[in-house]
Structure formats: structure tokens, C-alpha cells
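[1] Just the structure for this:
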Amino acid sequence: MTILVTGATGTIGRHVVEQLLKKGVKVRAVTRNPEKAQLPEGAEAAAGDLTQAETLREALSGVTGIHLIASSYDSYMPWNTDPALIRLAEEAGVKRVSVLMSYEEGPLEEAVKASSLEWTMLMPVEFMANALMDWQPSIQAEGVVREPFGSVRSARIHEGDIAAVSVAALTEAGHHGQSYYLTGPEALSRIEAVSVISDATGKNIRFEELTEEEARQRWSEQGHDEESIEFFVQMGKNPPEIGYSVLPTVERVTGKPARTFAEWVLEHRDCFL
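    Predicted structure coming up:
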């Protein structure tokens, strides 16, 4: 068994690589810059660009399954995986694919469902890792988090748990045709999440709630367009129910309970100090 992991250096992909290696599975990890990937020992690095399927033809040789990301951001520019990759995967004899979806189904997901591959769709809610990207700088510098909509709850999920579901789907039978919504084991507001970080680090961290106008101004200064800003506001005011509804999917698929935000914070405690 050889699993091709795309987005191998990313938030989820690195966990997928590590977990597959622990299971004794051969891993081929796709990255645009293999020399800089710093992959775990035992992983084979393969060069490829997901936006250009033909660049992955050689990497698909001998592969039995693929962990695939539908879209992402590179240097703040969005990109989408080329759906033609699915045809190449079929030609190479790939049997299974797990797809880490974005907000909605697109051409890649349509190609996967129309293919001969055994497929599993992964639809996680907010990543716990977003706390590092969004809050780490201000916590380190000032001991404060400034956000709007502080009472809005989120069933944040540990990125390692998303990876565990992908690994199960790629290495075990019984997941074909499944679309898994993935959540953590609890729904915490932003205020509560900051409190968890404060308790775990022993650091006094304040939560300062921004008004909608202040939030819009900050997002504008960060370079977001009006359409994106309006989306952020609506998500804050009227978040989709799935975003704060706790589901047992992780435990049902992996046999292990989803990890709490407190557990995640302890793993990353030093990042906030």
C-alpha cells in the first residue's frame, strides 16, 4: 500500500503523513518544493503542482490511495486542484481517495464522485489551529485577543482528528460514498476558547470584543474585498448550525474520541508564551 498525500506540508497533510507512517504505510508526499519540505523520516517527497494535473503523473505510479485537498491558499492567493487529476489517478490504478473539501462541492468533487475510485469526502468545521494564525501574535505581544462576535460558538476540531479520519478512509474498507462532517467534542465561544488558552498557559489573556464596524475596518485593512467581508459578518451573525453542532463522527470512524480544545492548547502551549 502506497498513499499519495497532497498538501503534505500543510495543517492537515503533515498529520496525515505522520499517522500513515506510524501505521507502517508507505507515504509519497507531494510538495512544490521537495528540498524545503522537511518531511518526517520515511516519507518520500515528490514534486508536483495540484493546479496542473500532468505534473503529478509520475508521482501517481504505484499509488493505491490519495489524500487530496480541493483548494487552498498559497501566498494569500487561492487555488483549486485540477479535476483532471482524477482521470490520471484512474489510469494509474489508484483505488481510494479522501477529499478534504472547502465550503462547497466544486468541479473536483464532481469528478471524484463520477469516477471509479472509492471516495470519501471530509467536511470539517473550524480548525483548532486557526487559534495560532489568528490569535498567537496579539497573545504573545499584549496578552489580548480582539475579535467580533465573541459569544458565537464553534465546534472546533483538532487537525490531527481530521487526519485520522482520512487515514481510516484510505486504509480501511467501509468508507466509500461517505461524506463526513467532522467536529470536535464541544462547542466553545471565542470568549470561552480564549479562557481555555489562558488557563492552559497560566497567562492572563483578555478578550476585547470588536464592534461590527471595527471588524469590517480591520478586515478591509488586511486586504479582504467587500464580498469576503460581508461573508465574514454573516458567518458571525448567523453561523450555520453545523458549525456549532457536536457530532460523533470522529469517534465512530476512528474508534477514538475527538480531542478537546484544551488538549490542543496544551500541545501548543509554548506558542502562546
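[2] Please make it C-alpha for all contacts and neighbour counts, starting now.
    Noted.
[3] show me where this structure has helices.
    Taking DSSP state H, the helices of the chain run over residues 13-22, 84-92, 107-113, 130-142, 159-171, 190-201, 212-221, 226-237, 249-254, 261-267.
[4] Those into JSON lines, with extra columns for mean neighbour count and mean pLDDT?
    JSON lines is the format used below for those (neighbours: other C-alpha atoms under 10 Å; pLDDT from 0 to 100):
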{"stretch": "helix 13-22", "mean neighbour count": "21", "mean pLDDT": "95"}
{"stretch": "helix 84-92", "mean neighbour count": "19", "mean pLDDT": "95"}
{"stretch": "helix 107-113", "mean neighbour count": "17", "mean pLDDT": "93"}
{"stretch": "helix 130-142", "mean neighbour count": "15", "mean pLDDT": "95"}
{"stretch": "helix 159-171", "mean neighbour count": "24", "mean pLDDT": "97"}
{"stretch": "helix 190-201", "mean neighbour count": "19", "mean pLDDT": "96"}
{"stretch": "helix 212-221", "mean neighbour count": "14", "mean pLDDT": "96"}
{"stretch": "helix 226-237", "mean neighbour count": "14", "mean pLDDT": "92"}
{"stretch": "helix 249-254", "mean neighbour count": "17", "mean pLDDT": "98"}
{"stretch": "helix 261-267", "mean neighbour count": "17", "mean pLDDT": "97"}
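[5] Ala46: which of the ones you listed is closest?
    Evaluated with C-alpha to C-alpha, the helices of the chain place helix 13-22 nearest to Ala46, the distance being 13.0 Å.
[6] ok, and what's touching the closest one?
    With C-alpha atoms under 8 Å, 6 or more residues apart in numbering as the test, helix 13-22 has contacts from 5-8, 26-27, 29, 39-40, 42-43, 67, 159-160, 163-164, 166-167.
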